[in-house]
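J.: Could you look at this predicted model? Sequence included:
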Amino acid sequence: MSNGLIAVAMSGGVDSSAVAALLKKEGQPIVGMTMQLWNQRRLPELSTETSGGRCCSIDDVYDARYVSQFLGIPYYVVNFEDQFEQHVVRPFVDDYLNGRTPIPCTLCNNFIKFETFLEMASGIGAEKIATGHYARVSFDEPTGRYQLRRAVDSTKDQTYFLLGLTQAQLSKTLFPLGHMLKTETRELAREAGLPVAEKQDSQEICFVPNGDYAAFIAAYAAEQGIALPESGGDIVSQTGEVLGRHAGFHNYTVGQRRGLGVAAAEPLYVIATEPASNRVTVGSPADLLTTRLSIRDMNWISIAAPDEPIRAQVRIRNRHIPAPATLTLRDGLVEVEFDQPQRAVTPGQGAAVYDGDLVLGGGWIA
Amino acid sequence: MEKLKRGGQPSPPATIRLPSRVAYFDHNATTPVAPDVLAALLPVLAESYGNASSIHQHGQRAKQLLESARRQLADRLGCSPKELVFTSGGTESNNLALAGPHRHVITSSLEHPAVAQPLAHHANLTVLPPNAEGLITPEALRAALRPDTDLVSIMHANNELGCLQPIAELAAVAHHAGALFHSDGVQVPGRLPLNLTALGVDLYSLSGHKMYAPKGVGALYVRQGVQLHPQLYGGRHESGRRAGTENIPGIVALGTAAARPLTDLSALRDRLEAGLLAAIPHAIVNCAAAPRLPNTTNIRFAGLEGEALVIGLDLRGFSVSSGAACSSGAVEPSPALLAIGLTREQAKSCIRFSLGESNTADEVDALIAATIAAIAHLRKLSPTYV
């Protein structure tokens, strides 16, 4: 079926619905697909009255199906629960239990949306996939590479979460919203009469109700028979002085200030969580500052791996403003030296490397 | 790559449409309403609107239609009309049949959720796994019986696999131990001759929409003398066994459907199986050695994602199925496939083709060709299974 079919990943939200409407209006052959990623009836102890409307909820599937019917396109729900648990949920929990702060959205993009979904889309005969991500992709003739650029709407730019995309994945991916402002997306949805035009954006990590990681980890660990770390341990200063007790290091994340329960003259922040010694190290804001980090599993996107040190900007959190740095490849790692110290460099988080709008690549903070 | 200019001139119309003529191979999910059943149903819906409990002529006409349909169904099932209770369908029939109190219940891991769920919370429940052929043997049942066993529920034909259980033998084993025997038979009456009296069951569930009648009507066979525990409280309809004004149009349709001759689909099914197995490597028919419904084949295409194949075939104009639908509409591995010992991965690579009386040899041949093409495409993408 070589007909240029495009599979639109539809979450039931306004962005992906607008993508479907846009492509449909252009006369592209499209099919709508929703990924069923997590069974919301699992871990019933987490369900709350306010936990509806999350990713993969029946309400979102209802909306995606409604939009597909409205647009008159074929629509399917595909079940990736097994893959999502294996590649996203389990590593998310393991990371926390090992003192790292993971970003499941990047894992989901790497392993599910641009891998399993792309395979499924190819399997049913689609040639490309389209998603509602705010990012731009284009083919660069001189280098022969697909290049990734930040979205025109800088407030919605999602390239930080796309740092694992490979050339093969990018060659089959459309981001129709990369050129649009969020306000324009809403306007498009309204003009098209989409039933989700006024729907609120989702915020939290989709499988964690109300953003309560600790409760999710506890419930999942109990279901899976994973031993949780000792619930209590010492909160120590950088010199090893015991300042108080913590309630399980997996409840803390680097840079966290609230909820430490330690009285001190100056505000204290989590500097590190140490699974081996079951300690949480705290310090002053100055202690959070670092000028160096290493990136492991670096994925070069818009350029090939450079032979020489390069100047670029590195983003260490989604909301972080990419900071100028010098990057050097060494022993399979990318050593980053920032021009200015950066706050709360957190192992396990992603590091995205930019040259202005261009996403050079990205990897994981070692 | 990014040629998506907003407001730009659309390329030549390329809108994908589902093919207008869709060949339907999912009759175990539901059957179409047969033309002669529809012809019998429509005038009842339009004109015979009386309440079968009313004294007047309108009511009497409705009552006549109700009892005629019951006699038609009883003829088809080899039982007495008095032994049939009309319900809203298979799920209600199963719930009514299984309502307790029961001390110890035995069922199988092949059951449809309409049996598994009503029993799920029973304090004393034994769930028998089938053997590799998908069968519950009389020996396995005998071994599971306890002195306090008072109910056994084993489905007649499995909806996914089509395998037929030795119901007469199983019922005899249950009776020997003093237990009642229920069977969920919704897949059978539209496909095979049936005599419930000879079969020896005490309770037997059936559903209109698996035998060319519409959705929303079914029946429960209750052998004379067996005590039911009504689940709906209200008027004394159906001899006090099922309250609620009778669905006369649906019941007439069910009676009409029961009186229709059966179509033997085994030749077409065998043609489909042979065509697929001859052309597609690593294809295995599940439960091939068991007695099976003549219209059903369930085939494992090793290494393939069944969901992708179902969608790919749908986009080519063929309706088939894979696994069990969950509430979102996504597919989960079917419990029956797991029950016969397949792994989750293996279960996900199974496709059910279930034929109906309107399927033709041409449709079967077209389905074979489309399946071969869809699988060739999928296997090209995952070279492990070339």
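T.: Nice, thanks for sending it over.
J.: contacts and neighbour counts: CA atoms only from here.
T.: Will do.
J.: Can you name the residue of the stretch 51-200 of chain A nearest chain B?
T.: A:I124 (4.2 Å; CA to the nearest CA).
J.: Spatially nearest residue to that residue (excluding sequence neighbours)?
T.: B:G312 (4.2 Å; CA to CA, 6 or more residues apart in numbering or on different chains).
J.: Same check on B:L304?
T.: B:L304 sits nearest to B:S349 (CA to CA, 6+ apart), 5.1 Å away.
J.: Repeat that for B:P138.
T.: Here the residue nearest B:P138, using CA to CA, 6+ apart, is B:L170, at 5.2 Å.
J.: and chain A, what are its domains?
T.: What automatic domain parsing lists as the domains of chain A is A:6-132+A:176-211, A:229-283, A:289-365.
J.: thinking the residue nearest to A:I124 is in contact with A:M120, fair?
T.: No. Assessed by CA atoms under 8 Å, B:G312 is found out of contact with A:M120, at 9.7 Å.
J.: So the two - more neighbours on which side?
T.: B:G312 (28 against 24; other CA atoms under 10 Å in any protein chain shown).
J.: what residues are up against that one?
T.: A:123-125, B:374 (CA atoms under 8 Å, 6 or more residues apart in numbering or on different chains).
J.: hmm, 10 Å instead?
T.: Neighbour list for B:G312: A:1, A:120-126, B:306, B:318-319, B:370-371, B:373-375, B:377-378 [criterion: CA atoms under 10 Å, 6 or more residues apart in numbering or on different chains].
J.: among those residues, which are in strands?
T.: Taking DSSP state E as the definition of strands, the contacts of B:G312 contribute B:318-319.
J.: What subset of the contacts of B:G312 is buried?
T.: Among the contacts of B:G312, those classed as buried by neighbour count (16 or more other CA atoms under 10 Å in any protein chain shown) are A:120-126, B:306, B:318-319, B:370-371, B:373-375, B:377-378.
J.: show me what contacts the most centrally placed residue in chain A?
T.: Geometric centre of chain A, nearest residue: A:C105, 2.6 Å, by CA atoms, centre = their mean. By CA under 10 Å, 6+ apart, the residues touching A:C105 are A:88, A:92, A:111-113, A:160-162, A:205-206.
J.: what do you get if the cut-off is 8 Å, keeping everything else the same?
T.: A:161, A:205.
J.: can you map out the strands along the stretch 151-300 of chain B?
T.: B:180-184, B:203-207, B:218-222, B:283-285, B:296-301 (DSSP state E, counting those that start in this stretch).
J.: helix/strand/coil for the residue of the stretch 251-386 of chain B found nearest chain A?
T.: Nearest residue of the stretch 251-386 of chain B to chain A, counting by CA to the nearest CA: B:G312, 4.2 Å away. Classification of B:G312 using DSSP: H, G, I helix; E, B strand; the rest coil returns helix.
J.: same check, this time on A:P347
T.: Assignment for A:P347 (three-state DSSP): coil.
J.: So what sits opposite B:I284 in the bridge?
T.: Taking DSSP bridges as the rule, B:I284 bridges to B:R300.
J.: pretty sure it is in contact with B:G303, am I right?
T.: No. Assessed by CA under 8 Å, B:I284 is found out of contact with B:G303, at 11.6 Å.
J.: Show me the shaky parts of the stretch 151-300 of chain A.
T.: The stretch 151-300 of chain A contains residues with pLDDT under 70 at A:203, A:230.
J.: If we use 90, what do you get?
T.: A:200-215, A:217-218, A:226-234, A:237-241, A:243-268, A:271-279, A:284-288 (pLDDT under 90).
J.: ranges for the strands of it?
T.: Under DSSP E, counting those that start in this stretch, the stretch 151-300 of chain A gives strands at A:173-174, A:233-236, A:242-246, A:269-274, A:279-283, A:289-300.
J.: Tell me which of those sits nearest to chain B.
T.: Nearest to chain B, of the strands of the stretch 151-300 of chain A and by CA to the nearest CA, is strand A:173-174 at 7.0 Å.
J.: leaving aside the residues next to it on the chain, what's closest to B:I248?
T.: B:L66 (6.1 Å).
J.: meant to ask about A:L260, not that
T.: A:H246 (7.3 Å).
J.: Around chain B, which positions in chain A sit nearby?
T.: Residues of chain A lying near chain B by CA under 8 Å from any CA of the partner chain: A:3, A:5, A:22, A:24-31, A:36, A:58, A:61-62, A:73-74, A:76-79, A:119-125, A:137-139, A:171, A:174, A:176.
J.: Give me the buried subset of the residues you listed.
T.: Buried among the residues of chain A next to chain B (16+ other CA under 10 Å): A:5, A:22, A:24-31, A:36, A:58, A:61-62, A:73-74, A:76-79, A:119-125, A:137-139, A:171, A:174, A:176.
J.: Distance check, the residue nearest to B:P138 against B:N95.
T.: With the distance defined as CA to CA, to the nearest Å, B:L170 ends up 21 Å from B:N95.
J.: Distance from the helix or strand hosting B:Q64 to the middle of the chain?
T.: Secondary structure assigned from DSSP states H and E places B:Q64 in helix B:57-77. Put simply, helix B:57-77 sits 25 Å off its chain's centre (CA atoms, centre = their mean, to the nearest Å).
J.: Buried residues of that helix, list them for me.
T.: B:58-63, B:65-77.
J.: Now do the SS call for the closest residue to A:L293 other than its chain neighbours.
T.: Spatially, and ignoring its direct neighbours in sequence, A:L293 is nearest to A:V336 (5.3 Å; CA to CA, 6+ apart). Three-state call for A:V336 (three-state DSSP): strand.
J.: mind listing the strands for the stretch 1-150 of chain A?
T.: So, for the stretch 1-150 of chain A - with DSSP E, counting those that start in this stretch - the strands run A:6-9, A:30-36, A:75-79, A:128-130, A:135-140, A:145-150.
J.: just the angle between the last one and strand A:135-140, please?
T.: I take that to be strand A:145-150. 150 degrees (axes from the mean of the first three to the mean of the last three CA atoms, to 10 degrees).
J.: would you put the C-alpha positions of the longest helix seen in chain A in PDB?
T.: Using DSSP state H, we find that the single longest helix of chain A is helix A:58-71. Only the C-alpha atoms of helix A:58-71 are listed here, as PDB (Å, rounded to 0.1, in the frame of the first residue of the first chain):
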ATOM      1  CA  ILE A  58     -10.500   6.200  28.700                       C
ATOM      2  CA  ASP A  59     -11.500   9.900  28.400                       C
ATOM      3  CA  ASP A  60      -8.500  10.700  26.200                       C
ATOM      4  CA  VAL A  61      -9.200   7.700  23.900                       C
ATOM      5  CA  TYR A  62     -12.800   8.900  23.700                       C
ATOM      6  CA  ASP A  63     -11.600  12.300  22.600                       C
ATOM      7  CA  ALA A  64      -9.200  10.900  20.000                       C
ATOM      8  CA  ARG A  65     -11.900   8.600  18.600                       C
ATOM      9  CA  TYR A  66     -14.300  11.500  18.500                       C
ATOM     10  CA  VAL A  67     -11.900  13.700  16.700                       C
ATOM     11  CA  SER A  68     -11.200  10.900  14.200                       C
ATOM     12  CA  GLN A  69     -14.800  10.400  13.600                       C
ATOM     13  CA  PHE A  70     -15.200  14.200  13.200                       C
ATOM     14  CA  LEU A  71     -12.500  14.200  10.600                       C
END
